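Visitor: got a sequence here, can you model it:
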Amino acid sequence: MNTNLVIVDNYAKLLLMGELLSYLAGIIDGEGSIGFYSEGKGRGRRLTIEANMTDRVIIELLQSMFGGSVRHRSPQGLGKKDSWHWRGSHKKARAALIVLRPYLLLKGKGDQFLDPPPS
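Guide: Model (predicted):
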């Protein structure tokens with residue numbers, strides 16, 4: 001195979017990955033949250049990044065990219081839709097935040113969440 005084609009192909013994959021990460025950061029900005037949440041009384045706090053949507057495919061994409069868990073939520077009330085919730089905690093949340101941080105617009109770039117949680 002021509003090495004120039006390999007370089008172009010790898011560059012195209014990087015561009016596509018950048019677009020995908022930008023899109024996912026927009027999902028976190030608009031439909032998600034980032035923060036330190038309590039693990040229970042006397043158990044400290046953990047970094048968590050999460051999103052909730054009615055579009056299951058996007059939630060599963062977050063899980064495939066960053067790990068974590070997905071939960072289904074049944075509709076609550078007339079005219080409501082099924083929704084899916086993705087959550088990454090601890091190391092998975094930190095890894096996702098490091099990758100998404102350059103693309104986040106509304107979550108303060110996530111810098112304050114990369115330090116240890118406040119006591």
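Visitor: going forward, measure contacts and count neighbours with C-alpha atoms only.
Guide: OK.
Visitor: buried ones in stretch 90-99?
Guide: Under the neighbour-count criterion of 16 or more other Cα atoms under 10 Å, stretch 90-99 has 92-97, 99 buried.
Visitor: pLDDT-wise, which helix or strand of this protein ranks last?
Guide: Across the helices and strands of the chain, mean confidence by mean pLDDT, DSSP states H and E is lowest for helix 3-31: a mean of 76.
Visitor: ok, then the element right after it?
Guide: Secondary structure here is assigned by DSSP states H and E; on that basis, the next helix or strand after helix 3-31 toward the C-terminus is strand 32-38.
Visitor: wait, residue 81 touches residue 54, no?
Guide: Yes: because the distance of 6.7 Å satisfies Cα atoms under 8 Å, residue 81 is recorded as touching residue 54.
Visitor: got the contact list for stretch 45-65?
Guide: The list of residues contacting stretch 45-65 from outside it, by Cα atoms under 8 Å, 6 or more residues apart in numbering, reads 24, 27-28, 31-39, 69-70, 81-90, 93-94, 97, 113, 117.
Visitor: and stretch 70-85, by the same measure?
Guide: Counting by Cα under 8 Å, 6+ apart, the neighbours of stretch 70-85 from elsewhere in the structure are 50-56, 59-60, 63, 86-87.
Visitor: let's see it at 7 Å
Guide: 51-54, 56, 59, 86-87 (Cα atoms under 7 Å, 6 or more residues apart in numbering).
Visitor: rebuild the buried residues of stretch 90-99 as JSON lines, extending it with distance to residue 17 and secondary structure.
Guide: Written out in JSON lines, the entries for the buried residues of stretch 90-99 read as follows (distance: Cα to Cα, whole Å; DSSP: H, G, I helix; E, B strand; the rest coil):
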{"residue": "92", "distance to residue 17": "18", "secondary structure": "helix"}
{"residue": "93", "distance to residue 17": "19", "secondary structure": "helix"}
{"residue": "94", "distance to residue 17": "19", "secondary structure": "helix"}
{"residue": "95", "distance to residue 17": "16", "secondary structure": "helix"}
{"residue": "96", "distance to residue 17": "14", "secondary structure": "helix"}
{"residue": "97", "distance to residue 17": "15", "secondary structure": "helix"}
{"residue": "99", "distance to residue 17": "11", "secondary structure": "helix"}
